[in-house]
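Chemist: Give me a 3D structure for the following:
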Amino acid sequence: MNRAPTWVGACLVVTALASGFVGESRLTRFEFSQPHMGTLFRIVLYAPDAEAARAASDAAFQRIAEMDNAMSDYKPTSELMQLCARAGGSPVAVSDDLFRVLAAAQDLAERSDGAFDVTVGPVVRLWRRARRRHEGPDPERLSKALELVGYQKLRLDPAARTVQLLKPGMLLDLGGIAKGYAADEALATLKRYGIESALVAGGGDIAVGSAPPGKAGWRIAIASPEPPGIANPKSKIQNLLLRDAAVSTSGDAEQHVEIGGVRYSHIVNPKTGVALTGRSSVTVVARNCTTSDGLATVVSVLGLERGLELVKAAPGAGVLFVKETAQGVRSWKLRFPSAGGSRITVAQANPKSKGKGQRPEVKKAPL
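Modeler: Below you'll find the model as predicted:
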């Protein structure tokens, strides 16, 4: 369930903000980036000096690296893959981090009736191969892989902090939630180093702390919902103004394959084993990035109506759903902040929203 920023309503851009003052101390803006978890993580923070900024960012990147080493399904030595190697056996004691992510994933799986399911790993691997070879998965292999999928086959014991995979051959894929958790943990690390005003971005996931000095929040720009290669003079930009919140986007711009004239996303429906088709994107705001990451993925799988209902039931969350239809690009919102620099504090925007699907254009907001 790995995700990447997409062409439609999904390009999250942090605009540059000037440094300012907090009390009598001058804080300066610093920016750092490192590759982790298959993407480039970026940290923007305000600190009193370069030494404090460097120490805090180094610790935050180290925390992200720890998450990668624990939760990657590309690294045979990761804690996740060591757990999968013992599938079909007795319960396995795991780290706090891995248990927390799996617990959050199982909670979302139950709330979505299995539309979010980290046991989808065997199917995801077949679709990765399909993207490389530009041919669909073998039906027989896909059928066998689906026999290993089902969140009920994953058992957690909070008291013992153990995990059990009930069937041999099971594989877990945390691509729809791990980066969000890593962003949250990096932000928490920065706060332990005394950095309150900071932003952590990894792929399509962004977590922010307190607002930059002298600002109401971190400005995040959501790009125009236009397919690539199509110039539109009426292209729109929506700005989010966030503090102590998170935003994630799920889409298929960078990871997809066309087979037999059909465009398949890298996002797979765990119940059918089929990759999503068509062009769409989901942008979710929430109180933390673990939540926004998971919700963005599962809403993509559920589709408009059921997806919006799931977000509606999540306290403090809002969503922008954009989809290419026969009538052109359309968008729907639920508790999503309006354009023009609306602020989300702990992601509580538009609390009076009735939750009905809409299709207004994203209003233009100057950067």
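Chemist: ok, and for stretch 209-219, which residues are buried?
Modeler: 209-213, 215, 217-219 (16 or more other C-beta atoms under 10 Å). Backbone N, C-alpha and C define where each C-beta goes, glycine included.
Chemist: scratch that, stretch 61-80 is what I was asking about
Modeler: Buried-residue list, stretch 61-80, by 16+ other C-beta under 10 Å: 61, 63-64, 66-68, 70-73, 78-80.
Chemist: out of these, which one sits closest to Leu240?
Modeler: Ile64 (23.0 Å; C-beta to C-beta).
Chemist: Kindly confirm my reading that the closest one forms part of a helix.
Modeler: Yes. Judged by DSSP: H, G, I helix; E, B strand; the rest coil, Ile64 forms part of a helix.
Chemist: Let me know the helix or strand that Arg141 is in.
Modeler: Here Arg141, judged by DSSP states H and E, is contained in helix 139-146.
Chemist: Buried residues in that helix, which are they?
Modeler: So, applying 16+ other C-beta under 10 Å, buried residues of helix 139-146: 142, 145-146.
Chemist: Closest one to Ala55 out of those, please.
Modeler: Of all the buried residues of helix 139-146, Ala55 sits closest to Ala145, with 45.3 Å by C-beta to C-beta.
Chemist: Which strands or helices does the longest strand anywhere in the chain pack on?
Modeler: As assigned by DSSP state E, the longest strand anywhere in the chain is strand 25-36. Using 3 or more C-beta pairs under 8 Å, 6 or more residues apart in numbering; DSSP states H and E, the elements in contact with strand 25-36 are strand 39-47, helix 50-71.
Chemist: So what are the sheet partners of the first one and their directions?
Modeler: When pairs are called by DSSP bridges, strand 39-47 turns out to pair with strand 25-36 (antiparallel), strand 198-202 (antiparallel).
Chemist: got the angle between the longest one and helix 50-71?
Modeler: It refers to strand 25-36. For strand 25-36 against helix 50-71, the angle by axes from the mean of the first three to the mean of the last three C-alpha atoms, to 10 degrees is 30 degrees.
Chemist: May I see the buried residues of strand 25-36?
Modeler: Neighbour-count burial for strand 25-36 [16+ other C-beta under 10 Å]: 27-30, 32, 34, 36.
Chemist: Over to stretch 160-168?
Modeler: Buried-residue list, stretch 160-168, by 16+ other C-beta under 10 Å: 161, 163-165.
Chemist: quick one: terminal-to-terminal distance for it?
Modeler: In stretch 160-168, first residue to last residue: 22 Å (C-alpha to C-alpha, to the nearest Å).
Chemist: Same check on stretch 132-144?
Modeler: Counting by C-alpha to C-alpha, you get 21 Å between the two ends of stretch 132-144.
Chemist: hmm, back to that, how far does the longest strand of the chain sit from its chain's centre?
Modeler: Taking the mean of its C-alpha atoms, strand 25-36 sits 22 Å from the chain's own mean (C-alpha atoms, centre = their mean, to the nearest Å).
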